[in-house]
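Visitor: Provided below for reference: sequence and predicted model.
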Amino acid sequence: MKSKIDLLILISGWISVAIIVAITFFLFYNWFPLFKTTNPIEFFFGTLWYPTAVPPFYGILPLLDATLWISTLAILITFPSAFVLAVFMTHVVPKRMQYILKVFLEIFSSMPSVILGLIGLSIVAPYFQNTLNMDTGQNILNAALMLSLITIPMPTSMMEDFINAFPPEQKEGAEALGANKFETLTKVILPGLKGPFASIAMLSLGRIFGETMIVLMVAGNAAIFPTSIFQPARVLSATIASEMGETPVDTPHFYALFGIGAVLFILTFLINVVGEIVRIKYERQMMKE
Amino acid sequence: MDVELKIENLSVYFGQKQILDSISFEIPTKSITAIIGPSGCGKSTFLRTINRMNDRFDDFHSKGSIIFDGKDVLSADYPVEELRRKIGMVFQKPNPFPKSIYENVVFGLKIHGVKERSVLDEVVKSSLEAASLYEQVKDKLSMNAYKLSGGQQQRLCIARALAVKPEILLLDEPTSAIDPLAAKQIEEVLEQISKEITILIVTHNIQQAARIADYIAFFYMGKLVEFGKAEKLLNAPDEKLTDDYLTGMYG
């Protein structure tokens, strides 16, 4: 006999699964009509994104390229920063300070990204342009920096939790052999956390990939192939956000934007799957068999 | 008898709560001293105070002193890493690192800066031999230590502690989490190594204390009730409390 609460939980569980399946279906359903007018090869490997030109070009390669540039740079900033912060919180500051920092971290992570976009636009961009003499302040570096700032709290908080929850008997084992706090961290805790940290990196990357507002505001929005981090760029997510409002329904352009959405969805999905595989691989390595 | 550790008026607190009350006794060198007593009598806390493992608790503080090599190990300026190299510890639950058998044994040496491969190899062999594990694992030193049985893991932990050549080895109920046969092997190992180093073992098992201990300290409610030669304390204790515990009146 199931109680009403069990039933309620069961129903809401299935509803959320159904919604995810429906969204996926909806994305692909609105993407595929594009291929009546556009060759798939042109969509995936075309080097021009000029959806409003005559004839239009729907090549997402420059957008994909820009996404990779910005995401790579952002994760290269995010992961080490989060790591240093997590070590700082768990191993340097006193316990009470750790709690206070944690609260700040949580507040920071719930900050709307548009605020960071605003800072990127109004403070960082002019600084880049006027003080550092870049051609434009709205560029890949600016976007990656702002993206990192909005992302860092999540991996930091997760790493901190993992370090704190590390089995105390392992820590004591190392300390009882004369290891100090940092030797215990580098020789026992971190090797033991490779798996979780790998999946934290992947989760952060997934989040960076999907973050739209910041890149839309500060990346400069030029659908070109960038050759340096000081150039403007336009990423997949920002393209949808900036063009969808002006695109007539059921046109090739409309379908192409859904295609971008589907590509983003697939990429994020793959990143999460890879993260999960890495985590399981390390976990197996750690365990008995 | 030579004295290895001199406990003087040791009281220990967690916050407001007093765990140990004015403990004083002298632990003889190169022998096995067993600490017995009912659960919650403070025997584990006592052991963990000696190598300062309790330092990591914010509300821990102590009074009195533990004199080792003429110095008080509880004084704030005693280098705790150095102390733990000289006073090793084996825990209740086997806690090898998720690394190879070899890496487990050399862990302490590497921490203390020994890098020479030949030295490390030699120490791995001698430490594993001392823990009578060498014959079983000599062909698979690169195997993950987690694949060993519980008893083997505990002997590996003993080997790991012995590798840094401690003067004292503290053991906190080392056989309570493993089967009786494996426990017997560990007792034999302890008797062997007590010829070279001082052993202090906490046990809730009176038979175990009777089998291996040269000296016994009986703790009750944070106080040292009685300390003496094992045979004397087991057969003709001075205190009625000790006698009651040994005959199973409580505990």
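Guide: All right, it came through fine. All values derive from a computational prediction rather than experimental measurement.

Visitor: helix, strand or coil: sort out the residue nearest to B:Thr49 when sequence neighbours are not counted for me.
Guide: Among residues not flanking B:Thr49 along the chain, B:Val12 sits closest, at 5.7 Å (Cβ to Cβ, 6 or more residues apart in numbering or on different chains). Heads up, the C-betas are built off the backbone N, CA and C, glycines and all. The assignment at B:Val12 comes out as strand when based on DSSP: H, G, I helix; E, B strand; the rest coil.

Visitor: list the contacts for B:Val12?
Guide: The neighbours of B:Val12, taking Cβ atoms under 8 Å, 6 or more residues apart in numbering or on different chains as the test, are B:Gln18, B:Ile19, B:Leu20, B:Gly42, B:Thr45, B:Phe46, B:Thr49, B:Asn54, B:Phe60, B:His61, B:Ser62, B:Lys63.

Visitor: distance of the second one from B:Arg48?
Guide: Distance of B:Ile19 to B:Arg48, given as Cβ to Cβ, to the nearest Å: 10 Å.

Visitor: tell me which parts of the stretch 101-250 of chain A are close to chain B?
Guide: When proximity is defined as Cβ under 8 Å from any Cβ of the partner chain, the stretch 101-250 of chain A approaches chain B at A:167, A:169-170, A:172-180, A:183, A:187-188, A:191-192.

Visitor: hmm, try it at 7 Å
Guide: Selection of the stretch 101-250 of chain A residues close to chain B by Cβ under 7 Å from any Cβ of the partner chain yields A:169-170, A:172-173, A:175-180, A:183, A:188, A:192.

Visitor: of those, which is the nearest to A:Phe45?
Guide: Distance ranking of those against A:Phe45, using Cβ to Cβ, places A:Gly192 first at 42.9 Å.

Visitor: for the host helix or strand of A:Met158, which outside residues touch it?
Guide: A:Met158 is part of helix A:153-164, with elements assigned from DSSP states H and E. Applying Cβ atoms under 7 Å, 6 or more residues apart in numbering or on different chains, the set of residues contacting helix A:153-164 from outside is A:78-79, A:82-83, A:85-86, A:89-90, A:102, A:105-106, A:108-109, A:189, A:193, A:196-197, A:200, A:204, A:207.

Visitor: are any of those buried, and which?
Guide: Neighbour-count burial (16 or more other Cβ atoms under 10 Å in any protein chain shown) is assigned, among those, to A:78-79, A:82-83, A:85-86, A:89-90, A:102, A:105, A:108, A:189, A:193, A:196-197, A:200, A:204, A:207.

Visitor: on that earlier part again, tell me which of the contacts of B:Val12 fall in strands.
Guide: Taking DSSP state E, the ones among the contacts of B:Val12 that sit in strands are B:Gln18, B:Ile19, B:Leu20, B:Phe60, B:His61, B:Ser62, B:Lys63.

Visitor: and B:Ser132, how far is that from B:Arg48?
Guide: Relative to B:Arg48, B:Ser132 is positioned 26 Å away (Cβ to Cβ).

Visitor: who's in contact with residue 128?
Guide: With no chain named, the answer covers chain A. A:Phe128 makes contacts with A:Met134, A:Gly137, A:Asn142, as judged by Cβ under 7 Å, 6+ apart.

Visitor: switch to chain B, that's the one I care about
Guide: Residues in contact with B:Leu128, defined by Cβ under 7 Å, 6+ apart, are B:Val105, B:Tyr134, B:Val137, B:Ala159.

Visitor: returning to that earlier point: if you rank the contacts of A:Phe128 by neighbours, which is first?
Guide: Going through these with other Cβ atoms under 10 Å in any protein chain shown as the criterion, the one with the most neighbours is A:Asn142, at 29 neighbours.

Visitor: would you format the ones in strands among the contacts of B:Val12 as JSON lines with pLDDT included?
Guide: Compiled in JSON lines, these are given as follows (pLDDT from 0 to 100):
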{"residue": "B:Gln18", "pLDDT": "94"}
{"residue": "B:Ile19", "pLDDT": "95"}
{"residue": "B:Leu20", "pLDDT": "94"}
{"residue": "B:Phe60", "pLDDT": "93"}
{"residue": "B:His61", "pLDDT": "92"}
{"residue": "B:Ser62", "pLDDT": "93"}
{"residue": "B:Lys63", "pLDDT": "93"}
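
Visitor: can you select the buried ones among the residues you listed for me in PyMOL?
Guide: Below is the selection syntax for PyMOL that covers the buried ones among the ones in strands among the contacts of B:Val12, with 16+ other Cβ under 10 Å defining burial:
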select buried, chain B and resi 19+20+60+62
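
Visitor: tell me which of the ones in strands among the contacts of B:Val12 is nearest to chain A?
Guide: B:Phe60 (13.4 Å; Cβ to the nearest Cβ).

Visitor: number of nearby residues for the spatially closest residue to that closest one that is not a sequence neighbour?
Guide: The shortest distance from B:Phe60 to any residue that is not its chain neighbour, by Cβ to Cβ, 6+ apart, is 4.5 Å, and that residue is B:Asn54. Taking other Cβ under 10 Å as the neighbour definition, B:Asn54 ends up with a count of 20.

Visitor: OK, contacts around B:Asn54?
Guide: B:Thr45, B:Arg48, B:Phe60.

Visitor: okay but A:Ile150 is in contact with A:Val114, surely?
Guide: No - assessed by Cβ atoms under 7 Å, A:Ile150 is found out of contact with A:Val114, at 10.0 Å.

Visitor: who's more crowded, these two?
Guide: Under the criterion of other Cβ under 10 Å, the comparison of A:Ile150 against A:Val114 puts A:Ile150 first, with 24 against 13.

Visitor: what is the burial count for A:Ile280?
Guide: A count of nearby residues for A:Ile280, using other Cβ under 10 Å, gives 12.

Visitor: which pLDDT value goes with the closest residue to A:Leu257 other than its chain neighbours?
Guide: Using Cβ to Cβ, 6+ apart and skipping the chain neighbours, the partner closest in space to A:Leu257 is A:Ile240 (5.2 Å). A:Ile240 carries a pLDDT score of 93 in this model.

Visitor: hang on, A:Ile240 in a strand?
Guide: No - when three-state DSSP is applied, A:Ile240 is found to be helix, with no strand at that position.

Visitor: which residues touch it?
Guide: A:Leu257, A:Ile260, A:Gly261 are the contacts of A:Ile240 under Cβ under 7 Å, 6+ apart.

Visitor: try A:Met213
Guide: Listed by Cβ under 7 Å, 6+ apart, the contact set of A:Met213 reads A:Ser113, A:Val114, A:Gly117.

Visitor: could I get these as a markdown table with pLDDT and secondary structure?
Guide: As requested, these are arranged in a markdown table below (pLDDT from 0 to 100; DSSP: H, G, I helix; E, B strand; the rest coil):
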| residue | pLDDT | secondary structure |
| --- | --- | --- |
| A:Ser113 | 90 | helix |
| A:Val114 | 92 | helix |
| A:Gly117 | 93 | helix |
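
Visitor: got the buried residues for stretch B:4-14?
Guide: Quick answer for stretch B:4-14 (16+ other Cβ under 10 Å): B:Glu4, B:Leu5, B:Ile7, B:Leu10, B:Val12.

Visitor: just give the nearest non-adjacent residue to the closest residue to chain B within the stretch 1-150 of chain A, would you?
Guide: When distances are taken as Cβ to the nearest Cβ, the stretch 1-150 of chain A approaches chain B most closely through A:Lys95, which lies 6.5 Å from it. Counting by Cβ to Cβ, 6+ apart, A:Lys95 lies nearest to B:Asp58, which is 6.5 Å off, once chain neighbours are set aside.
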